[in-house]
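Novice: got a sequence here, can you build the structure:
(chains A and B)
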Amino acid sequence: MRDSIYLAWRYLRHHRTKTLLLVLSLSVFLGLPLIMRAMSRATQQSLLSRAEATPLLLGKKGSSLDLVVEALYFQLKGAEPITKADVDGLQAMDLALGIPIRTGLMARGFPLVGTSLDYFPFRKLRMTEGRGLAMMGECILGAEAAEALGLGPGDALLTSPSTLFDLAGVYPLKLHVVGILEPSFGPDDEAVFVDLRTAWVAEGMGHGHQDLSSAGPDVVLKRKEGTVTANAKLIQYNEITEANIESFHFHGDPSSYPVSAAIVVPHDEKSGVLLRGRFVDAETRQLVRPAQVVDSLNKQIFRFERILEIVVWTVGLATAVMFVLVMVLSWRLRAEELRTMTRLGCSRWKAAQIMGSEIALMVGASVLIAGVFGIVMAQYGETWLQTLILRGS
Amino acid sequence: MLGYSRQPVISLRGVCFEYAHGGFSLNVGELTVASGTRAAAIGPSGSGKTTLLNLISGIERPGSGEVSTAGVRVDRLSSAGRRSFRITTIGFVFQEFLLLEYLDVLDNILYPYRLHPELRLDASVRSRARQLASDLGLAELLARRPSELSQGERQRVAIARALVTAPSLILADEPTGNLDPATKQQALDLLFEQCEARSTTLLMVTHDHGLLDQFAQIVDVEALGPAEA
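Specialist: Next up, the predicted model:
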């Protein structure tokens, strides 16, 4: 057997390009299901772990999946908002902590997330640089966002205008970076966090401008019963500073302002059950368990994985056929060698052993490569893929 | 004919052979080649020279008659037995050399040892192979591939491969057919020299009648029996 392996090895080594191509194609065939499973597991895990860490989610009645994707992963922006009053009402029940989430705007390509200070300890997010939010107009960057933008505490960034061509629309707001979060390998890494009121200002629901009481006639068009009408000369602030923060205000009732969703953290299990009971028949709002929503999504992913598996097996079959074809053609080309072996006195069994050793060595090398790849994927793949998936999403 | 006083290495008696697909048959009334003899098999193309070598080596089995090689009734051996007998008892030299490009010179010489479990490749065999290579002027070429050698060098490697198992009989099928005249004589001299040094019997198929005076026995295949086309 040793001689057969030796001859097979020498043959494969001599035809190293052909061997390498065959081994690599076999490795891909063997490794593909591993990568696919790792990807699927990473996707499911990344979705599930965040969902499981979020006990309940309050949002507008509608698609629970849209609500979860928007509030937990800061993706999509189609879910109907609830109001700040809904969140306050929930708090008033004294059964849970309500953490508002406002998404929809972007800041230089990263989602702008308006929330409360409770969000950070709830998600166990810690600062790697700088400090937490202290006043309106400040922002905290997720690790990925900070790295991609090359920003740190003391820097500033502008929110992206919702529409470029509406001159009367909302202008970008300059945000002051005060802190950077440690990597958490989740959607928080790519977010720009601001105070909820800052998010409203960025959306144009609140604004700041020069003091009209001291403004001259070149700015004021008319004053009537406490209502001052100004012209375009009025200086609008696009940045909240200590000097102008007092001038920022909201028109109307802030409790009617929109909130995309609220993370609901019940005080205990009983509170959670009571809360769910109270929202069972709610007409305009829904209280969902993200883990349940993601679980049903994972079932869909699993079904998709099965389809992918069929594709992989089809590709695998094609690879195997190609492999057999290459081997058969190779043996036909080596007919003279096989004849010499027979004439010298080599048995058919021995010849088959040599050919078999060639196949075994190639399959062995492919299994080894696929195995090493599989181990590496099992060790680090989840982190890589989570990063990849979240970056791509 | 010389060497009849010695024990015959090749002995064919009343042999009839016909290929399964028909079209060619070889009949041998009687043929004896004594041990240590240098014999040449001659005859026109298609007369059955290669078939004769195949019968002697057990590659083919006769329909009837006796084939005895190195004292063994080859015609009575099983297929596996004939293969085992062939690789341990007979050395082959082919016209096309049939060396393996993926093996270097040393591995080509040792090739028979890789093909059969009865031949054990140990340090003494390796040493013998190196000595043989040295005797045939291949000592400096052991790490080369066949494509890096001249025709004459390749034939010398083929001769070394045939001799490495210390066979009692060498069957050479037109071994100089692909060589130029100068190299041809050089290769023959080496083959004769090595066979003589080891008292190995040589049966060589050749078309070159100019070489016949160097052989002790001439086997005219056409004259062995009625060959039919």
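Novice: rest of the way, CA atoms for contacts and neighbours
Specialist: Will do.
Novice: what about whichever residue of the stretch 51-200 of chain A sits closest to chain B, which SS state?
Specialist: Nearest to chain B, among the residues of the stretch 51-200 of chain A, is residue A:185, at 51.6 Å (C-alpha to the nearest C-alpha). Per DSSP: H, G, I helix; E, B strand; the rest coil, the local secondary structure of residue A:185 is coil.
Novice: tell me how many other residues crowd it.
Specialist: Using other C-alpha atoms under 10 Å in any protein chain shown, residue A:185 has 17 neighbouring residues.
Novice: any chance of the backbone angles for it?
Specialist: phi 50, psi 40 (degrees, to the nearest 10).
Novice: could you measure it against residue B:181, distance?
Specialist: Distance of residue A:185 to residue B:181, computed by C-alpha to C-alpha, to the nearest Å: 79 Å.
Novice: what of residue A:220?
Specialist: 118 Å.
Novice: what about those two, which has more around it?
Specialist: Legend: neighbour count by other C-alpha under 10 Å for residue A:220 and residue B:181, higher for residue A:220 (18 against 11).
Novice: can you name the residues bridging to that one?
Specialist: residue A:230 (DSSP bridges).
Novice: would you check that it makes contact with residue A:231?
Specialist: Yes: contact criterion C-alpha atoms under 8 Å: residue A:220 and residue A:231 qualify, at 6.3 Å.
Novice: which strand or helix spans residue A:358?
Specialist: helix A:348-376 (DSSP states H and E).
Novice: and that helix, anywhere near chain B?
Specialist: Yes: counting by C-alpha under 8 Å from any C-alpha of the partner chain, chain B is contacted by helix A:348-376 at residue A:350.
Novice: is the most centrally placed residue in chain B in a helix, a strand, or coil?
Specialist: Computing the C-alpha centroid of chain B and ranking residues by C-alpha atoms, centre = their mean puts residue B:171 first, at 1.5 Å. When classified by three-state DSSP, residue B:171 comes out as strand.
Novice: wait, it sits on residue B:202?
Specialist: Yes: counting by C-alpha under 8 Å, residue B:202 is a contact partner of residue B:171 at 6.1 Å.
Novice: quick check: the residue of chain B nearest chain A.
Specialist: When scored by C-alpha to the nearest C-alpha, chain B has residue B:83 as its residue closest to chain A, at 4.2 Å.
Novice: ok so, going back, in the helix holding residue A:358, what counts as buried?
Specialist: For helix A:348-376, the neighbour count (16 or more other C-alpha atoms under 10 Å in any protein chain shown) marks A:350-351, A:353-359, A:361-367, A:369-371, A:373-374 as buried.
Novice: run through the neighbouring helices and strands of that helix.
Specialist: helix A:2-14, helix A:16-52, helix A:335-344 (3 or more C-alpha pairs under 8 Å, 6 or more residues apart in numbering or on different chains; DSSP states H and E).
Novice: how far out from the middle of the chain is it?
Specialist: From the chain centre to the centre of helix A:348-376 is a distance of 39 Å (C-alpha atoms, centre = their mean, to the nearest Å).
Novice: cool, stretch B:51-61 as well?
Specialist: With C-alpha atoms, centre = their mean, you get 11 Å for stretch B:51-61.
Novice: return the residues of chain B in contact with chain A.
Specialist: When proximity is defined by C-alpha under 8 Å from any C-alpha, chain B lies next to chain A at B:59, B:80, B:82-87, B:91-92, B:98, B:100, B:102-103, B:112, B:114-116.
Novice: ChimeraX command for the buried members of those residues?
Specialist: Remark: buried members of those, expressed as a ChimeraX selection using 16+ other C-alpha under 10 Å:
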select /B:59,82,83,84,85,86,87,91,92,98,100,102,103,112,114,115,116
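Novice: now intersect the residues of chain B next to chain A with the strands, please.
Specialist: If you go by DSSP state E, the residues of chain B next to chain A have B:91-92 in strands.
Novice: which stretches of chain B form helices?
Specialist: Using DSSP state H, the helices found in chain B span residues B:49-57, B:79-89, B:105-109, B:111-115, B:123-135, B:151-163, B:181-197, B:221-224.
Novice: how about those helices in TSV, adding mean pLDDT?
Specialist: Supplementary listing: the helices of chain B in TSV, determined by pLDDT from 0 to 100:
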stretch	mean pLDDT
helix B:49-57	90
helix B:79-89	89
helix B:105-109	94
helix B:111-115	90
helix B:123-135	89
helix B:151-163	88
helix B:181-197	82
helix B:221-224	82
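Novice: which ones are touching the closest residue to residue B:207 other than its chain neighbours?
Specialist: In space, and not counting its chain neighbours, residue B:207 is closest to residue B:42: 6.2 Å by C-alpha to C-alpha, 6 or more residues apart in numbering or on different chains. Contacts for residue B:42 (C-alpha atoms under 8 Å, 6 or more residues apart in numbering or on different chains) come out as B:49, B:205-207, B:218-221.
Novice: what sits opposite residue B:42 in the beta ladder?
Specialist: Under the criterion used (DSSP bridges), residue B:42 bridges to residue B:220.
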